[in-house]
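>>> Here is my input; please provide its structure:
(one chain, ligands or ions: 1)
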Amino acid sequence: MVLCPVIGKLQHKHVVLASASPRRQEILSNAGLRFEVVPSRFKEKLRKASFATPYAYAMETAKQKALEVASRMHQKDLRAPDVVIGADTIVVVGAVILEKPVDKQDAYRMLSRLNGKEHSVFTGVAIVHCCSKDGRLDTEVSEFYEETTVKFSELSEELLWEYINSGEPMDKAGGYGIQAQGGMLVEYVHGDFLNVVGFPLNHFCKELARLYYPPRPEDLHRVRHASIPAVDTFENLSDMEAGGSDPGQSAEGGRGGQQADGDRSQAPGAPDAALNGADGRPPLPAGLLELMDGFKASKVLFTACKLKLFDMLKDQGPLKAVDIARKLNACAGGTEWLLDVCVALGLLEKTHRGYSNTEVATLHLASDGEHSLQGLAEYNDAHVWGVFTRLGPAVQEGADQTRGALGVMEEEGHLSQSREMTLQFMRAMHSLSKLTAHHVATAFDLSRFTSACDLGGCTGILARELAQEYPRLQVTVFDLPEVTELSGGFQRGGRQTERIRFVPGDFFKDNLPEADLYVLSRILQDWPDDKLHKLLSRISSSCKPGGGLLVAEAAAEEKERASRRPRLRALSAGQPRSPDEHRWLLQRHGFQDVRVARAGDLLHVVLGTRAVP
Ligand SMILES: Cc1cn([C@@H]2O[C@H](COP(=O)(O)OP(=O)(O)OP(=O)(O)O)[C@@H](O)[C@H]2O)c(=O)[nH]c1=O
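Residues are numbered from 1 along each chain as shown. Model (predicted):
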């Protein structure tokens, strides 16, 4: 019996599972799918370091597995199957990717790494639609991934070896099988269990639904409308009809989809195949409509954050609209309207019990979480929003282009503002740095340094990460007095904070604190060339031969420089520089052995060693 109608869509197709994994076969046949098994011969040997994220690696491996089977079958019979499914499961702990152990020692190394800790299990899936044209194989690939968090209990050596000797770990990523005896090692699982076992069935069905059941405009859920005049054009349905409001996608950025970099919105001119009329009319310009409405979605997000909606639902959800309105002291109709739009944007979920946060909202939009981006939302609403309303005049009148079309930076730094504005800016930087600090601190091995000075280190998030990562390191955070004065409010306890001190000063005017390693994280892009050279030359004079300079900036490889996020940021903060430009800048200021590394999805990091002058 096929429970899920979308699986039925594959019933009359020749479907091939390009996998030798008995678990994948079982999961898919239990779901009612009929398929042939043709294990892939693709060797899992892609260079992991060349992928920005572990899931990009898993998706690419899954794709290559499926494509290898499709082309082998096509070569053999000059006929390809209709659909080939490939999958790859990896276990990720810290920055390390674990696949299947090669022997018992390897299994022991893997299980010891996982012992007592949380890790992620990613399965990348590729669904390849094949068709033979004039003896040639044409393929269309849809790919996605699913992440599940698993925590292992503290396990004794004896138990680990007993488990290894059972033989179970050997054909399983990370060296364990959660569905069998390995389940005894696991304290908790967050997310799709079957994803850990080897195949994310639920996400697979959603992907099939996306492919086989494109939404008809009349089926799309209309947002009920109370009266909030500034954004009332929501009623015209363009968000919905444009297909821009798939909850999981809009809120979670890079999850799933064809692109691994998170920038998966459709290009404005690209036709939306799902809505393309067969009657010769031009296709609906879905990407364009989505662009036109982008500002409304941002404002909804900012407003909900400002009302502390996500905090309320984190602690008290699910709640009915009337109760939320009462607690907010707001109009019931307007509140319900806002809540429904948040549901459409993937920020909230609605059930018969009321509204509750989605996972992404609890993680990133409640104010107290370790990964909260509330500060960034608040700053964008209070400051950046207003700046962008001046884009038209700025373009016409011509602002200082090296500082971005908007030329928003003040002469001597953007913090010469009110205390509240400074705090808002600090909260925004704090939110963002929490996402990136670990990647910056670990992009290179910095253990040879014993003292570091983070110039413009703001609330000390990166300093904390450095101190945590390098137990010998003393870290100075050097920032403007108005910043260091307020930084106390951002400190959390912890042993490493004893090795962090805050020193007030202006890096253009005051003596820089002594250090073996100077750090500039997201500083250089804010300054025009003259200021940048002044700053680098001051660092170069303070840095002793053998000392280091670490620069972290927005990832701006050539191909990414044309992409959306850096371009938009460039409007208010100037053009991002590429890793090669940073390498050249460091060399020009007396640093040698300059190395470049990627730090997570958002930044690249450059490290140079001060040469003897
Ligand atoms: C974490 C975990 C993994 N696995 C198995 O680990 C293999 C991963 O390896 P792969 O490279 O993705 O697949 P494969 O087995 O080599 O098959 P193929 O698709 O032919 O490459 C798959 O089997 C999965 O079930 C479990 O059975 N239970 C678990 O808890």
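>>> how about the nearest residue to whatever residue of the chain ends up closest to the ligand, chain neighbours excluded?
Closest contact between the chain and the ligand, by Cβ to the nearest ligand atom, is at Gly198 (2.7 Å). For glycine as for every other residue, the C-beta is placed from the backbone atoms N, C-alpha and C. Excluding its sequence neighbours, the residue lying closest to Gly198 (Cβ to Cβ, 6 or more residues apart in numbering) is Arg23, at 4.1 Å.
>>> Next up, the contacts around the one you found.
179, 197-199 (Cβ atoms under 8 Å, 6 or more residues apart in numbering).
>>> Which one (most neighbours) among these?
Phe199 (27 neighbours; other Cβ atoms under 10 Å).
>>> my guess is that residue meets Ser29, correct?
No: in this structure, Phe199 is not within contact of Ser29 by Cβ atoms under 8 Å, at 11.1 Å.
>>> Average pLDDT for stretch 71-87, rounded please.
Model confidence over stretch 71-87 averages 92 on the pLDDT scale.
>>> so how far is it from its chain's centroid?
33 Å (Cα atoms, centre = their mean, to the nearest Å).
>>> Ala66 in helix, strand or coil?
The three-state assignment at Ala66 reads helix, by DSSP: H, G, I helix; E, B strand; the rest coil.
>>> Name the nearest residue to it, ignoring sequence neighbours.
Here the residue nearest Ala66, using Cβ to Cβ, 6+ apart, is Gly86, at 3.0 Å.
>>> Kindly report the same for Asp368.
Asp311 (7.3 Å).
>>> who touches the one you found in this structure?
366-368.
>>> which one of those has the most neighbours?
Ranked by neighbours (other Cβ under 10 Å), the contacts of Asp311 are led by Ala366, which has 22 neighbours.
>>> Go ahead and confirm Ala332 touches Lys320.
No: counting by Cβ under 8 Å, Ala332 stays clear of Lys320, with 10.0 Å between them.
>>> Quick check: which ranges of the protein have low pLDDT?
1-3, 214-280, 394, 396-417, 493-496, 555-575 (pLDDT under 70).
>>> Walk me through the domains of it.
3-214, 290-375, 420-558+566-610 (the TED database).
>>> got the end-to-end distance for stretch 592-610?
From its first residue to its last, stretch 592-610 covers 6 Å (Cα to Cα, to the nearest Å).
>>> Within its local environment, how many residues does Leu486 see?
18.
>>> again with Gly167
Count around Gly167 with other Cβ under 10 Å applied: 10.
>>> likewise Ala428?
22.
>>> With Asp134 instead?
5.
>>> so how far is Gln491 from the residue nearest to Asp368?
Distance, Asp311 to Gln491, using Cβ to Cβ, to the nearest Å: 22 Å.
>>> can you check Val16 too?
56 Å.
>>> Name the residue in the two with the higher neighbour count.
A side-by-side neighbour count of Val16 and Gln491, using other Cβ under 10 Å, places Val16 first with 24 against 13.
>>> Report the secondary structure state of the more buried one.
strand.
>>> what's the answer for His604, then?
strand.
>>> Glu581 is in contact with that one, correct?
No: here His604 lies out of contact with Glu581, judged by Cβ under 8 Å, at a distance of 10.8 Å.
>>> Who has more neighbours out of those two?
Set His604 next to Glu581 and count neighbours by other Cβ under 10 Å: His604 wins out with 25 against 15.
>>> What residues are bridge-paired with the more buried one?
Glu553, Arg598 (DSSP bridges).
>>> repeat for Val84
Val16, Val128.
>>> wait, it sits on Cys131?
No: checked against Cβ under 8 Å, the pair Val84 and Cys131 is beyond contact range at 11.8 Å.
>>> Centre of the chain to the helix or strand hosting Met73, how far?
Secondary structure assignment for Met73, by DSSP states H and E: helix 54-77. Centroid separation between helix 54-77 and its chain, computed with Cα atoms, centre = their mean, is 25 Å.
>>> For it, buried residues please.
Using 16 or more other Cβ atoms under 10 Å as the test for burial, helix 54-77 gives 54-74.
>>> ditto for stretch 93-106
So, applying 16+ other Cβ under 10 Å, buried residues of stretch 93-106: 93, 97-101, 106.
>>> again with stretch 198-214
198-201, 203-208, 210-211.
>>> got a list of contacts for stretch 147-154?
For stretch 147-154, the surrounding residues in contact (Cβ under 8 Å, 6+ apart) are 55, 114-122, 178, 185-193, 195-196.
>>> Now, these that are in strands?
118-122, 186-190 (DSSP state E).
>>> Let me know the closest of the residues you listed to Leu432.
Set against Leu432, the nearest of these by Cβ to Cβ is Ser120 (21.7 Å).
>>> Could you tell me which residues make contact with that closest one?
54, 91-93, 147-150.
>>> One more: Val196?
89, 121, 148, 150, 178, 189.
>>> repeat that for 7 Å
121, 148, 150, 178, 189 (Cβ atoms under 7 Å, 6 or more residues apart in numbering).
>>> May I ask which of these has the most neighbours?
Val121 (28 neighbours).
>>> Look up how far Leu347 lies from that one.
In terms of Cβ to Cβ, Val121 sits 26 Å off from Leu347.
>>> Over to Ala467?
Distance from Ala467 to Leu347, by Cβ to Cβ: 34 Å.
>>> Tabulate the buried residues of stretch 93-106 in JSON lines, adding columns for secondary structure.
Converted to JSON lines, these look like this (three-state DSSP):
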{"residue": "Val93", "secondary structure": "strand"}
{"residue": "Ile97", "secondary structure": "strand"}
{"residue": "Leu98", "secondary structure": "strand"}
{"residue": "Glu99", "secondary structure": "coil"}
{"residue": "Lys100", "secondary structure": "coil"}
{"residue": "Pro101", "secondary structure": "coil"}
{"residue": "Asp106", "secondary structure": "helix"}
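>>> export these to TSV and tack on distance to the ligand?
Formatted as TSV, the buried residues of stretch 93-106 follow (distance: Cβ to the nearest ligand atom, whole Å):
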residue	distance to the ligand
Val93	12
Ile97	11
Leu98	9
Glu99	6
Lys100	5
Pro101	10
Asp106	14
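>>> Just put the residues you listed in CSV and tack on distance to Trp161.
Converted to CSV, the buried residues of stretch 93-106 look like this (distance: Cβ to Cβ, whole Å):
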residue, distance to Trp161
Val93, 20
Ile97, 24
Leu98, 18
Glu99, 21
Lys100, 18
Pro101, 13
Asp106, 14
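>>> Can you show me the helices along the stretch 251-400 of the chain?
Using DSSP state H, counting those that start in this stretch, the helices of the stretch 251-400 of the chain run over 286-306, 309-316, 321-328, 332-344, 359-364, 374-379, 385-388, 391-397.
>>> Make TSV out of those and add distance to the ligand.
Shown next, in TSV, are those (distance: least, Cβ to the nearest ligand atom, whole Å):
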stretch	distance to the ligand
helix 286-306	34
helix 309-316	30
helix 321-328	40
helix 332-344	33
helix 359-364	21
helix 374-379	34
helix 385-388	44
helix 391-397	47
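>>> And those: which comes nearest Lys43?
Here helix 359-364 is closest among the helices of the stretch 251-400 of the chain (Cβ to Cβ), at 35.2 Å.
>>> tell me which residues in the closest one are buried?
360-364.
>>> Now do the residue nearest to Gly198 against Leu435, distance only.
From Arg23 to Leu435 the distance is 33 Å (Cβ to Cβ).
>>> Check Leu446 too.
Distance from Leu446 to Leu435, by Cβ to Cβ: 20 Å.
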